[in-house]
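Participant: prediction below, plus the sequence it came from.
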2 protein chains.
Amino acid sequence: LTLTLSQDLTVWKDDTPIVIETVSSLDRGDTCTLSEIKMSLHSGTHVDAPRHFLPDGNGVDALDLNTLMGPVRVVDLRGHAMITDTVLSGSGIPENMERILFLTDNTEKRILHASRFVSEFTAIDVSGARWLKKMSIRLVGIDALSVAPFDDPVPTHQALLSAGIIIVEGLNFAGVQPGVYQLAVMPLKIKDADGAPARVLLYDIEDG
Amino acid sequence: LTLTLSQDLTVWKDDTPIVIETVSSLDRGDTCTLSEIKMSLHSGTHVDAPRHFLPDGNGVDALDLNTLMGPVRVVDLRGHAMITDTVLSGSGIPENMERILFLTDNTEKRILHASRFVSEFTAIDVSGARWLKKMSIRLVGIDALSVAPFDDPVPTHQALLSAGIIIVEGLNFAGVQPGVYQLAVMPLKIKDADGAPARVLLYDIEDG
């Protein structure tokens, strides 16, 4: 589920691009090959921490590993331009689901693989965020660089983060079918950070 | 098992320090708090890819997740200044073990938490690396920023990486006892990179 990080990976509009520089190199006769990276904490597949949108919110290092790992449902919301409360009510999400990932038209449009940032994408509007808040959801993920619409990021993020819901963005659903899986979301442990790039895995339940 | 990344975390001698910069901030009236990071790919808890020391070696994005996850033994090698073939022969490592982490005096000395890089640390010498190569070991980890002695990094790394053994460095064993656990090592997926910072978890077998 993880996007491969490289200098070619498109980031959010006007955000810091990914730059990888070779500090030493076997090809140049150095002892080893050694590189450094400069990137936004919200590059590629990543997690938003509460303090991304909440002044007193926790950092990404304080997120609960028990929430980041466990059973998850990949819900097929293809065909919907916006994820609203009405769309979610009709999507058959069971009441007791704690983790949910939305597979949307963004995947087929390959917006995360586009050569430029795409600002028109399927996202969760504030009615959808409030609906999730009323359920038992603890973690929500999407196949776009934001869970919220491009022109209205604040209400969706605030509603989810203030409810303690962990947000996972930039999911790469290549080859993944809707269904129930085991999920492991592993953000870098960065002190008090507003977010962090992550490695995200899905397993079949029987391998869990 | 993961060190917390921050600007205070000590890196390898003369390697790129960790710099985290705030790009936008709620405190300054921006829409959200957003940061960027610049770091060596070998900062904190991290994985070495074959191409770190092998000219034609694979990148970190090509490492096998089936090796990065599974049963592991935390071996107590405290009291040894160097991990040699003799030390390993006497350490009671079972023949069929695929993943092994070395808990050494480095942990009690808190070298990874020191305010300056410490060049005297317990590491695996080339005899130890060759011993591991002859066993069924697929992954080896240590509580130092390198598996190899400071003044002789090449032979140990080359022996391990050329045998396809994944190297995990910078392990934080605070509160961990020797024994058998489940391990999950999750490096960032960076294209063709010589290494990557990682989130590393140990579980009790029964929770597996």
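Facilitator: Looks like it arrived, so ask away.

Participant: hey, what's A:V72 bridged with?
Facilitator: Beta-bridge pairing for A:V72 (DSSP bridges): A:Y181.

Participant: how many residues are close by it?
Facilitator: Neighbourhood size, A:V72 [other C-beta atoms under 10 Å in any protein chain shown]: 24. Using the backbone N, CA and C atoms, a C-beta is placed for each residue, glycine as well.

Participant: ok, it - contacts?
Facilitator: The neighbourhood of A:V72, defined by C-beta atoms under 8 Å, 6 or more residues apart in numbering or on different chains, consists of A:R99, A:I100, A:L101, A:L139, A:V180, A:Y181, A:Q182, A:L183, A:L202.

Participant: please tell me how far it sits from A:R138.
Facilitator: 10 Å (C-beta to C-beta, to the nearest Å).

Participant: out of the contacts of A:V72, which end up buried?
Facilitator: Neighbour counting with 16 or more other C-beta atoms under 10 Å in any protein chain shown marks A:R99, A:I100, A:L101, A:L139, A:Y181, A:Q182, A:L183, A:L202 as buried within those.

Participant: find the centremost residue of chain A, please.
Facilitator: A:E169 (1.5 Å; C-alpha atoms, centre = their mean).

Participant: that one contacts A:H42, correct?
Facilitator: Yes - the criterion here is C-beta atoms under 8 Å, and A:E169 meets it with A:H42 at 7.3 Å.

Participant: and for these two, which residues touch both?
Facilitator: Common neighbours of A:E169 and A:H42 (C-beta under 8 Å, 6+ apart) are A:D48, A:L145.

Participant: quick check: closest non-adjacent residue to A:K191.
Facilitator: Among residues not flanking A:K191 along the chain, B:S6 sits closest, at 3.8 Å (C-beta to C-beta, 6 or more residues apart in numbering or on different chains).

Participant: surely the one you found touches B:S35?
Facilitator: No - counting by C-beta under 8 Å, B:S6 stays clear of B:S35, with 11.6 Å between them.

Participant: of those two, which one has the most company?
Facilitator: Set B:S6 next to B:S35 and count neighbours by other C-beta under 10 Å: B:S35 wins out with 22 against 15.

Participant: tell me which helix or strand comes right after the one helix or strand the more buried one maps to.
Facilitator: If you go by DSSP states H and E, B:S35 is part of strand B:34-40. Sequence order places strand B:46-48 as the next helix or strand after strand B:34-40, per DSSP H and E.

Participant: quick check: phi and psi at the residue lying farthest from the centre of chain A.
Facilitator: For chain A, the residue at maximal distance from the C-alpha centroid (C-alpha atoms, centre = their mean) is A:G29, at 39.6 Å. Main-chain torsions, A:G29, degrees, to the nearest 10: phi 90, psi 10.

Participant: pLDDT score assigned to A:Y203?
Facilitator: Note on A:Y203: pLDDT of 89.

Participant: report the separation between the residue lying closest to it once chain neighbours are set aside and A:D194.
Facilitator: Nearest residue to A:Y203, sequence neighbours excluded (C-beta to C-beta, 6+ apart): A:Q182, at 4.2 Å. A:Q182 sits 27 Å away from A:D194, going by C-beta to C-beta.

Participant: check A:D48 too.
Facilitator: Distance of A:D48 to A:D194, given as C-beta to C-beta: 7 Å.

Participant: find residues that contact each of the two.
Facilitator: Here A:D48 and A:D194 share the contacting residues A:H42, scored by C-beta under 8 Å, 6+ apart.

Participant: what sits against A:L34?
Facilitator: Contacts for A:L34 (C-beta under 8 Å, 6+ apart) come out as A:T22, A:V23, A:S24, A:S25, B:D15, B:S40, B:L41, B:H42, B:H52, B:D194, B:G195.

Participant: output these as TSV; include the columns pLDDT and neighbour count.
Facilitator: Compiled in TSV, the contacts of A:L34 are given as follows (pLDDT from 0 to 100; neighbours: other C-beta atoms under 10 Å in any protein chain shown):
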residue	pLDDT	neighbour count
A:T22	96	13
A:V23	96	17
A:S24	96	15
A:S25	96	16
B:D15	92	19
B:S40	97	21
B:L41	97	27
B:H42	97	26
B:H52	97	25
B:D194	97	29
B:G195	98	26
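
Participant: show me where chain A has strands.
Facilitator: A:19-24, A:34-40, A:46-48, A:69-76, A:99-103, A:139-142, A:166-169, A:179-187, A:195-203 (DSSP state E).

Participant: contacts for stretch A:46-55?
Facilitator: Stretch A:46-55 is contacted from outside by A:42, A:57-60, A:62-63, A:68, A:147, A:154, A:157-158, A:161-162, A:164, A:166-170, A:185, A:187, A:192-198, B:26-27, B:32-34, using C-beta under 8 Å, 6+ apart.

Participant: buried subset of the residues you listed?
Facilitator: A:42, A:57, A:59-60, A:63, A:68, A:147, A:157-158, A:161, A:164, A:166-170, A:185, A:187, A:192-198, B:26, B:32-34.

Participant: which residues are in contact with both of A:V72 and A:R138?
Facilitator: A:R99.

Participant: check whether A:V185 really touches A:L65, as I assumed.
Facilitator: No - contact between A:V185 and A:L65 fails when scored by C-beta under 8 Å: they sit 9.1 Å apart.

Participant: ok so, going back, for B:A174, state which of the contacts of A:L34 is nearest.
Facilitator: B:H42 (20.8 Å; C-beta to C-beta).

Participant: which residue is the nearest non-sequential neighbour of that closest one?
Facilitator: Nearest in space to B:H42, with sequence neighbours left out and distances taken as C-beta to C-beta, 6+ apart, is B:G195 at 4.9 Å.

Participant: so how far is A:L103 from the one you found?
Facilitator: 32 Å.

Participant: pick the one among the contacts of A:L34 closest to B:L132.
Facilitator: Taking C-beta to C-beta as the measure, B:L132 sits nearest to B:H52 out of the contacts of A:L34, at 16.9 Å.

Participant: list the contacts for the residue nearest to that closest one when sequence neighbours are not counted?
Facilitator: Of all residues not flanking B:H52 in the chain, B:D194 sits nearest, at 4.2 Å (C-beta to C-beta, 6+ apart). Residues near B:D194 by C-beta under 8 Å, 6+ apart: A:C32, A:T33, A:L34, A:S35, B:L41, B:H42, B:D48, B:A49, B:R51, B:H52, B:G59, B:V60.
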